[in-house]
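Trainee: generate a structure from the sequence data that follows.
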Amino acid sequence: MAAQNNRRATAAGTSCHRWGEFSVRILCLRAVWRQRANADRTAIPDREDQEQSVRCDDPKSICPYTLLAIAAGWFLTALFVGETELLWILPGPAAQIILVGLTAAMLVVLRTCSSLRGWVKQIDLRWLIALHLTRFVGLYFLLLCARGELPRTFALPAGWGDILVATGAALLMLFWNGGRNRRMVLIWNSIGLVDILGVVLAAARLAFADRQSMQALTRLPLSFLPTLVVPLIIVTHIVIYMRLRNTVPPEVTSPEAASGLSKVLAISEE
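Mentor: Numbers count the residues shown, from 1 in each chain. Reported below is the predicted structural model:
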């Protein structure tokens, strides 16, 4: 009888021990589940912040994703125009009309969009100058002239002029020292603007006189010039003038001179 009672007690103890282990495991799993749930709750605000940064809800700042989408769309459109030789198929001075229209549209957007103006004022001036390294395309002008695919009256002045301006841009970036070379930037910018306007006028004049002679500008890769590169170059020249006008020269060190120059700039803007 005593032995039977001992077996019952032992079995009861073993059962209690097993239930105890099971309960401990349940409690551990419950604790782990709670920790994961809390981690998910704390991660939700971070995801919301990321979504807000992607949406670019701030109306006072330009959205980089918007700029990237516009640039990609513009590039693909210019690529399509060059691949199909649409500039050659369209009658009349299509290239000149597109160039002038794109440049005017960019200036209007720059004038009316305050967020874009703010972004342009904050961007490093060297990025605007770096765009003009594309003007080493003048070397290609000289090559096409040697092949007889571009007239000498256009290729020689346009080619050497672009090479000169592109070399000046490279030197400015290489020896950049903040705002101390402001005068050199102004001289280079003036020469570059006169050169690009002269190239555009020369191309238009020759296209009206003999459209066949300028056919190379309607095919890739030179078709990017009227549909993409030249409008950007002209607009960046104007933006650089704006930046230089609103920049106080470094030689103005006294507070009185700086305030006087600021008043002059404010009056000129009015």
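Trainee: what comes up buried for the helix or strand containing V194?
Mentor: Assigned by DSSP states H and E, V194 falls within helix 182-209. For helix 182-209, a neighbour-count test (16 or more other CB atoms under 10 Å) marks 182, 185, 188-189, 192-193, 195-196, 199-200, 202-204, 206-207 as buried. Using the backbone N, CA and C atoms, a C-beta is placed for each residue, glycine as well.
Trainee: who are the neighbours of the helix or strand just after it, in terms of helices and strands?
Mentor: As assigned by DSSP H and E, the chain's next helix or strand after helix 182-209 is helix 224. Here helix 224 touches helix 64-83, going by 3 or more CB pairs under 8 Å, 6 or more residues apart in numbering; DSSP states H and E.
Trainee: coming back round to it: which strands and helices lie in contact with the helix holding V194?
Mentor: Counting by 3+ CB pairs under 8 Å, 6+ apart, helix 182-209 packs on helix 94-112, helix 152-174, helix 230-245.
Trainee: quick check: the farthest pair among the buried residues of helix 182-209?
Mentor: Largest separation among those by CB to CB: R182 and A207, giving 37.4 Å.
Trainee: for L217, grab the count of nearby residues.
Mentor: 21 (other CB atoms under 10 Å).
Trainee: where in the stretch 151-270 of the chain is pLDDT low?
Mentor: For the stretch 151-270 of the chain, applying pLDDT under 70 flags the ranges 179, 247-270.
Trainee: what about I234, neighbour count?
Mentor: Neighbours around I234, by other CB under 10 Å: 21.
Trainee: wouldn't it be in contact with D195 here?
Mentor: No: between I234 and D195 no contact is recorded; they are 11.0 Å apart, counting by CB atoms under 8 Å.
Trainee: check contacts around G159.
Mentor: 138-142, 145 (CB atoms under 8 Å, 6 or more residues apart in numbering).
Trainee: only whichever of the residues you listed are buried, select them in ChimeraX.
Mentor: Only the buried entries of the contacts of G159 go into this ChimeraX selection, using 16+ other CB under 10 Å:
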select :138,140,141,142,145
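Trainee: now the contacts of G159 as TSV including distance to R211 and pLDDT?
Mentor: Formatted as TSV, the contacts of G159 follow (distance: CB to CB, whole Å; pLDDT from 0 to 100):
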residue	distance to R211	pLDDT
G138	22	96
L139	25	97
Y140	20	97
F141	18	97
L142	22	97
C145	18	96
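Trainee: out of the helices and strands packed on helix 182-209, flag the one nearest A216.
Mentor: It's helix 152-174; of the helices and strands packed on helix 182-209, that one is closest to A216 (CB to CB) at 9.4 Å.
Trainee: report the angle between the closest one and helix 230-245.
Mentor: Per axes from the mean of the first three to the mean of the last three CA atoms, to 10 degrees, the angle that helix 152-174 makes with helix 230-245 is 40 degrees.
Trainee: quick check: closest non-adjacent residue to L99.
Mentor: Leaving aside its sequence neighbours, L99 sits nearest to P226 (CB to CB, 6 or more residues apart in numbering; 4.2 Å).
Trainee: what of L107?
Mentor: V235 (6.4 Å).
Trainee: also D210?
Mentor: Per CB to CB, 6+ apart, closest to D210 is P151, 7.9 Å.
Trainee: pretty sure that neighbour contacts Q215?
Mentor: No: with contact defined as CB under 8 Å, P151 does not reach Q215; the gap is 11.1 Å.
Trainee: quick one: contacts for L225?
Mentor: 137, 217.
Trainee: now it: how far from I191?
Mentor: Applying CB to CB, to the nearest Å, the value for L225 to I191 is 19 Å.
Trainee: check I233 too.
Mentor: 13 Å.
Trainee: now M184
Mentor: Distance from M184 to I191, by CB to CB: 11 Å.
Trainee: just L110 next, same as before
Mentor: Counting by CB to CB - L110 and I191 are separated by 23 Å.
Trainee: isn't R219 right up against W88?
Mentor: Yes: between R219 and W88 there is a contact under CB under 8 Å: 7.4 Å.
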